[in-house]
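Q: Give me coordinates for this.
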Amino acid sequence: MKTKTNISFLISLCLFIAAIGLVVYVLYQIEIRTNLIKTHYAEDTQSLNLNSAAKLKKEQESLLQKEKIFKKTFLSQDEIIPFIGNLEAIASESTIKIEITKVEKGTEETVGSSYKIQPISFYVSLDGELKNTISFIQKITDQEKILELKEFKVYKISDASNMYNTRIILTGNILII
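A: Predicted structure coming up:
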């Protein structure tokens, strides 16, 4: 009977060792799969973050480009003198005489939460043929700056000539950031 007990004990011991081996194997496989899931999750998260970062970068570039275009449509404080020079150059191209009689700044106005604008008016007197004056006005309104032609008065200089004196008030806005 001792032999049967020994054999039963050995069989039980083998089954116990096999069960422990099976449990260890299953736990090892669970750990491998858990690490694999963690790795895939980290890769997916990184991929999503990279995609989000790429989208945000594109959106930022788009907004910066739009802001640049927006700013270009306004005058800056540094552009007032060059703008007057540009008006004089366009007048010269249009073969008319120009005289800027007055430059007047208006009151600052708040636009949105980040910007302020300040209107600036240029009082301009032009002498020349009417078609050249119209050409001058067309050229200045074709520029990227937003300008308002507030006043347009035309006077014939003499009945004997085709010359006119035109008085206009051009108003732009200075962008204050």
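Q: Just give me how far the lengthiest helix in the chain sits from the chain centre.
A: Looking across the chain with DSSP state H, the single longest helix is helix 2-72. Centre-to-centre, helix 2-72 and its host chain are 40 Å apart (CA atoms, centre = their mean, to the nearest Å).
Q: just for this structure, where's the confidence low?
A: 1-2 (pLDDT under 70).
Q: And Thr95, its phi and psi?
A: Here is the backbone geometry of Thr95 (degrees, to the nearest 10): phi 50, psi 50.
Q: ok, now Ala160?
A: Ala160 adopts backbone torsions of phi -80, psi -20, taken as degrees, to the nearest 10.
Q: any idea how far Phe83 is from it?
A: From Ala160 across to Phe83, the span is 35 Å (CB to CB, to the nearest Å). Placement of C-beta: from N, CA and C, glycine included.
Q: how near is Ile117 to Leu64?
A: In terms of CB to CB, Ile117 sits 20 Å off from Leu64.
Q: Which one of the two is surrounded by more residues?
A: Taking neighbours as other CB atoms under 10 Å, Ile117 and Leu64 compare with Ile117 leading, 17 against 10.
Q: Tell me if I'm right that that one and Thr171 touch.
A: No. With contact defined as CB atoms under 8 Å, Ile117 does not reach Thr171; the gap is 11.1 Å.
Q: if I look at those two, which residues touch both of them?
A: Common neighbours of Ile117 and Thr171 (criterion: CB atoms under 8 Å, 6 or more residues apart in numbering): none identified.
Q: Quick check on Ala160 and Phe83: which one has the bigger neighbour count.
A: Applying other CB under 10 Å to Ala160 and Phe83 shows that Phe83 carries more neighbours, namely 21 against 6.
Q: So the more buried one sits against Lys145, correct?
A: Yes. Taking CB under 8 Å as the definition, Phe83 is a contact partner of Lys145 at 7.5 Å.
Q: okay, and the common contacts of the two?
A: Counting by CB under 8 Å, 6+ apart, the contacts common to Phe83 and Lys145 are 75, 172.
Q: hang on, isn't Glu144 packed against Lys71?
A: No. With contacts counted by CB under 8 Å, Glu144 stays clear of Lys71, the gap being 10.5 Å.
Q: Please say which of these two ends up with more neighbours.
A: Using other CB under 10 Å as the criterion, Glu144 and Lys71 rank with Lys71 on top: 12 against 8.
Q: could you measure the more buried one against Tyr115, distance?
A: Distance of Lys71 to Tyr115, computed by CB to CB: 9 Å.
Q: cool, and Ser161?
A: Applying CB to CB, the value for Ser161 to Tyr115 is 47 Å.
Q: higher neighbour count, these two?
A: Neighbours were counted for Ser161 and for Tyr115 using other CB under 10 Å; Tyr115 has more, 14 against 9.
Q: Nothing else from me, thank you.
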